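Asks: Okay, here's the prediction I keep looking at, along with the sequence it came from:
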Amino acid sequence: MRTLLLSGIALTLLFSSCSKTQNPFEISKQHIGLLTDSTQVKDLNSVFPNDSVVKFIAGDEFTGSVDNIEIFEKGGNKLLTLTPKYALDSTSVISNVRIIDPRFKTDKNISAISTFKDIHSQYKISKISNLINSVVVAVNDINGSFTIDKKELPANLRFDMNLKFEPTHIPDDAKVKYFFLNWDN
């Protein structure tokens, strides 16, 4: 009788520890809340049951353009912008996610309102790309990229398109303009 009771308690503890609920604002390499890198467009309404999923249709499948899908809270705040891998295909997976709402955070507390210092102190910078009006900081650990406006940089670094940026070139207090997860593998 005693072993039956202990077995029952052990099973109860096992099942209760396995029922961890997913944080809807947690960002990792392969998911954002319940949205994963294998979620199909047709499943978005079940992934975001309490939010509004807005799909823009260009109307011409021959243009080759990919239409973004925006996720809004019921109150109207924009949360995410999703880009499917293929346009007008309900079985397409999401290839790119722009994180807009600052409540979405990585396990290291990085969000859309982080600074370069926050990112650099928590993750290894994989690559920095020099674009016309911005620099893009890639972090392979989370399949993420952070766009920083060149207005955040010292004036002598803003206009040299041949400059190979290093982390030391970017000021610690430079704010993130855009935060993307890239799942297009």
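Replies: That came through fine. Numbering: from 1, shown residues only.
Asks: make it CA atoms for all contacts and neighbour counts henceforth
Replies: Noted.
Asks: The protein: strands as residue ranges?
Replies: Secondary structure of the chain (DSSP state E): strands at 26-27, 31-32, 35-36, 51-55, 69-73, 78-84, 94-99, 105-106, 127-130, 134-139, 144-149, 178-182.
Asks: How about Val137: what's its closest non-neighbour residue?
Replies: Spatial nearest neighbour of Val137, chain neighbours left out: Ile128 (4.6 Å); criterion: C-alpha to C-alpha, 6 or more residues apart in numbering.
Asks: So that neighbour versus Thr36, what's the distance?
Replies: From Ile128 across to Thr36, the span is 26 Å (C-alpha to C-alpha, to the nearest Å).
Asks: confidence score at Thr36?
Replies: Thr36 is assigned a predicted lDDT (pLDDT) of 93.
Asks: Of the strands of the chain, which is nearest Ala112?
Replies: Checking the strands of the chain against Ala112 by C-alpha to C-alpha gives strand 178-182 as the closest, at 5.5 Å.
Asks: Distance from that closest one to the middle of the chain?
Replies: The chain centre lies 5 Å from the centre of strand 178-182; the measure is C-alpha atoms, centre = their mean, to the nearest Å.
Asks: helices or strands next to that strand in the packing?
Replies: If you count contacts as 3 or more C-alpha pairs under 8 Å, 6 or more residues apart in numbering; DSSP states H and E, strand 178-182 packs onto strand 94-99, strand 144-149.
Asks: could you redo the last one with a cut-off of 10 Å?
Replies: Strand 178-182 is packed against strand 78-84, strand 94-99, strand 134-139, strand 144-149, with contacts defined by 3 or more C-alpha pairs under 10 Å, 6 or more residues apart in numbering; DSSP states H and E.
Asks: Spell out which residues sit in contact with the residue nearest to Val137, please.
Replies: For Ile128, the contacting residues are Val135, Val136, Val137, Ala138, Val139, Ser145, Phe146, Thr147, Lys164, Phe165, Glu166, Pro167, by C-alpha atoms under 10 Å, 6 or more residues apart in numbering.
Asks: Many thanks, I have nothing further to ask.
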